[in-house]
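*Asks:* Okay, here's the prediction I keep looking at, along with the sequence it came from:
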Amino acid sequence: MVAGMVSGDLEISGRIRRPHPSNCFGMVLDANDQEVIEACRRGEEDAIRALFEANKDRVYSIALRYSGDRAAAMDIAQDTFVKLLSSIQNFRGSASFDSWLYRIVVNTCLDYKRSGRRLIPFLDGLLDVVATPAENALNRLVRSEREQTVQEIVAKLRPEQRIVVVLRYTEGLSYDEIAEIVGCSAGTVASRLNRAHKILERRLAHLRSER
Amino acid sequence: MNKPETSKQWIEQELEQSLRRVAAPQDLWDRIHSSQQPRIRVRTRFMAWATVPVVMLVALWGSHPRSNAAIQFRSSDPGEIRAWVRANADLDVPLHDGNLAGASIVSPRTVEIAYRTGGHEMSLFVSDAAAPVRAAVGTISWSAGGQAYLLACAEPQYLKSCALCHVGG
């Protein structure tokens, strides 16, 4: 668990923030962390699967929000887990497992070169809409389109700004936690976020007027 | 009356909504699993091929659970150990860096490479392929380059992961 984070409400940069519903902090590899990791080191398939199941959504979501397309996200998530499993022998437990995992996925994101087989984001969103008939399709389509617009604009941010935006809004991490993962100061994180906010506000201004 | 929403609040809400976490696709595990398969398949094929000429050092392991304390040549450097083994047992043993503790001569043409990892001691016995093979629980054996190899550990659960490095090497 990342230092300073507790289950329940999270205090992030001086304000109380509700954790993401799917946020697994406090549950992932808690009491049995070391046991699971040790079992992974021994190559036990069940433990490897458990480690994957506990972290797959987190890794995939960061990859997807960073890259902006599903094929790239799958590549990044795959690379992340392969790196994690091949280097788990080196994880000593002195640092938090979450921080270690975040660093691997962040580095994999930053190293990822776009392959040119990017899907059309809007089509991705549309497929989601079709796949969930329970909700009013029109409302969901409008919302999906809006979200796709935001994601596309985020995907155009510079990598160092984009990764802090993703860690902040996909993972709900504090400035200090992001700083530890990215390897810079909390002040730099704040500055990158501030610049990203300004760019996004400008580029998404039309959405605000549509509300 | 509600305070008007600031630009920052608005953009934060949009980002929280649009960048929220999603579920990973079901086939992610298959991709990860299959990306490991080629290595495993190669190793498995190698193992099958290798069992033919292997010698048996199992008896050695049974009667010889040598402690790392008795290692004749102490080093963690694969190059140094390889040179020492070549000079003293006339065997060429390619070794990888990692957890090496040293080597000992067991007989004129048999050597033991000692490993120590996570508080566990392991031994890799290497001999020229002159004797017949006998399998034994708690050991893994194979042959390569006319030499027989036997990997043995007091805690057999570690054998599989150790063998992956050795056999794949």
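*Replies:* Arrived safely, thanks for sending. Note that the structure is a prediction, hence the values are computed from the model and not measured. Numbers count the residues shown, from 1 in each chain, chains lettered A, B, ... in the order given.
*Asks:* Output the contacting helices and strands for the host helix or strand of residue A:109.
*Replies:* Counting by DSSP states H and E, the element that carries residue A:109 is helix A:97-111. Applying 3 or more CB pairs under 8 Å, 6 or more residues apart in numbering or on different chains; DSSP states H and E, we find helix A:97-111 packed against helix A:45-67, helix A:70-87, helix A:159-169, helix A:175-182. Placement of C-beta: from N, CA and C, glycine included.
*Asks:* what's the closest of these to residue B:111?
*Replies:* Nearest to residue B:111 among these is helix A:70-87; the distance by CB to CB comes to 29.1 Å.
*Asks:* Could you tell me the angle between that closest one and helix A:45-67?
*Replies:* Going by axes from the mean of the first three to the mean of the last three CA atoms, to 10 degrees, helix A:70-87 is angled at 140 degrees with respect to helix A:45-67.
*Asks:* Establish whether helix A:70-87 and chain B are in contact.
*Replies:* Yes. Using CB under 8 Å from any CB of the partner chain, helix A:70-87 reaches chain B at A:70, A:74, A:77-78, A:81-82, A:85.
*Asks:* Just give the number of residues close to residue A:159.
*Replies:* Residue neighbour count, defined by other CB atoms under 10 Å in any protein chain shown, stands at 12 for residue A:159.
*Asks:* Just the pLDDT for it.
*Replies:* We have a pLDDT of 94 for residue A:159.
*Asks:* Tell me how far the closest residue in space to it that isn't next to it in sequence lies from residue A:104.
*Replies:* Once flanking residues are discounted, residue A:159 sits nearest to residue A:110: 5.7 Å by CB to CB, 6 or more residues apart in numbering or on different chains. Distance of residue A:110 to residue A:104, given as CB to CB, to the nearest Å: 11 Å.
*Asks:* what about these two, which has more around it?
*Replies:* Counted by other CB under 10 Å, residue A:110 and residue A:104 do not tie: residue A:104 has more neighbours, with 20 against 14.
*Asks:* Tell me if I'm right that that one and residue A:86 touch.
*Replies:* No. Residue A:104 is not in contact with residue A:86 according to CB atoms under 8 Å; the separation is 10.4 Å.
*Asks:* Can the host helix or strand of residue A:145 be said to contact chain B?
*Replies:* Taking DSSP H and E as the definition, one finds residue A:145 inside helix A:137-155. Yes. Helix A:137-155 reaches chain B (CB under 8 Å from any CB) through A:146-147, A:150-151, A:154.
*Asks:* Stretch A:34-50 too?
*Replies:* Yes. For stretch A:34-50 and chain B, the contact criterion (CB under 8 Å from any CB) is met by A:41-43, A:49.
*Asks:* Please apply the same query to stretch A:165-182.
*Replies:* Yes. Judged by CB under 8 Å from any CB, stretch A:165-182 and chain B are in contact via A:165-166, A:168-171.
*Asks:* Contacts only, for the residue nearest the centre of chain A.
*Replies:* Centroid-nearest residue in chain A, with CA atoms, centre = their mean: residue A:62, separated by 2.4 Å. By CB atoms under 8 Å, 6 or more residues apart in numbering or on different chains, the contact list for residue A:62 reads A:102, A:105-106, A:109, A:166-167, A:170-171.
*Asks:* let's see it at 6 Å
*Replies:* A:105, A:166, A:170 (CB atoms under 6 Å, 6 or more residues apart in numbering or on different chains).
*Asks:* Got a PyMOL select line for the buried ones in these?
*Replies:* The following PyMOL line selects those of the contacts of residue A:62 that are buried, judged by 16 or more other CB atoms under 10 Å in any protein chain shown:
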select buried, chain A and resi 105+166+170
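*Asks:* ok, of the contacts of residue A:62, which one's closest to chain B?
*Replies:* Nearest to chain B among these is residue A:170, at 4.8 Å by CB to the nearest CB.
*Asks:* And the helices in chain B?
*Replies:* Using DSSP state H, the helices of chain B run over B:7-18, B:28-50, B:58-63, B:78-89, B:159-168.
*Asks:* if we can go back for a sec, name the nearest of the residues of helix A:70-87 next to chain B relative to residue A:189.
*Replies:* When the residues of helix A:70-87 next to chain B are compared against residue A:189 (criterion: CB to CB), the nearest one is residue A:77, at 23.7 Å.
*Asks:* That closest one touches residue A:60, doesn't it?
*Replies:* Yes. At 4.6 Å, residue A:77 counts as touching residue A:60 under the criterion of CB atoms under 6 Å.
*Asks:* I am finished for the moment; much appreciated.
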